[in-house]
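S.K.: Here is a sequence with its predicted model. Questions after.
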Amino acid sequence: MFLMQIDHDAICEPDSNRLFWKHARTKLAQLYGKISEYVIMGKKEGEYKGYQTLNYCEKMINDYT
């Protein structure tokens with residue numbers, strides 16, 4: 001969800017990175033739409049926040065892999 005630029009505050013518990021499923025599940029239709037429109041190749045245009053990068057997501061799951 002972060003990599004598809006869904007807002008952090010819309011899917012996480014306040015003041016944490018913990019997924020809040022009750023809010024996140026309301027964003028699934030938006031997520032599926034963004035995935036279907038995603039272009040893998042080429043330069044990514046637009047504004048990205050720090051938590052919307054691959055490096056950030058890799059650090060979050062590092063202990064689990």
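M.R.: Yep, it's here.
S.K.: quick one: the most far-flung residue of the chain relative to its centre and R25, what's the gap?
M.R.: What lies farthest from the middle of the chain is G42; by Cα atoms, centre = their mean that is 19.4 Å. Applying Cβ to Cβ, to the nearest Å, the value for G42 to R25 is 31 Å. C-betas here are computed from N, CA, C, even on glycine.
S.K.: what does the strand or helix carrying G33 contact?
M.R.: Taking DSSP states H and E as the criterion, G33 maps to helix 28-37. Contacts to helix 28-37, defined as Cβ atoms under 8 Å, 6 or more residues apart in numbering, come from residues 1, 4-6.
S.K.: closest to T53 among these?
M.R.: Checking those against T53 with Cβ to Cβ, the nearest one is Q5 at 10.7 Å.
S.K.: close enough to count as contact, that closest one and K44?
M.R.: No: with contact defined as Cβ atoms under 8 Å, Q5 does not count as touching K44 (9.9 Å).
S.K.: Please say which of the two ends up with more neighbours.
M.R.: Shown here are Q5 and K44; by other Cβ atoms under 10 Å, Q5 has more neighbours (14 against 9).
S.K.: picking up where we left off before, please confirm that the residue farthest from the centre of the chain is located within a helix.
M.R.: No: G42 sits outside any helix when classified using DSSP: H, G, I helix; E, B strand; the rest coil, being coil.
S.K.: wait, what's in contact with it?
M.R.: By Cβ under 8 Å, 6+ apart, G42 lies in contact with nothing.
S.K.: That one and C57, how far apart?
M.R.: On the measure of Cβ to Cβ, G42 and C57 end up 20 Å apart.
S.K.: and if you look at G50?
M.R.: 11 Å.
S.K.: What of M1?
M.R.: 10 Å.
S.K.: One more: G33?
M.R.: From G33 to C57 the distance is 20 Å (Cβ to Cβ).
S.K.: So if I had to pick from those two, which one is more boxed in?
M.R.: Taking other Cβ under 10 Å, G33 and C57 do not tie; C57 has more neighbours (14 against 11).
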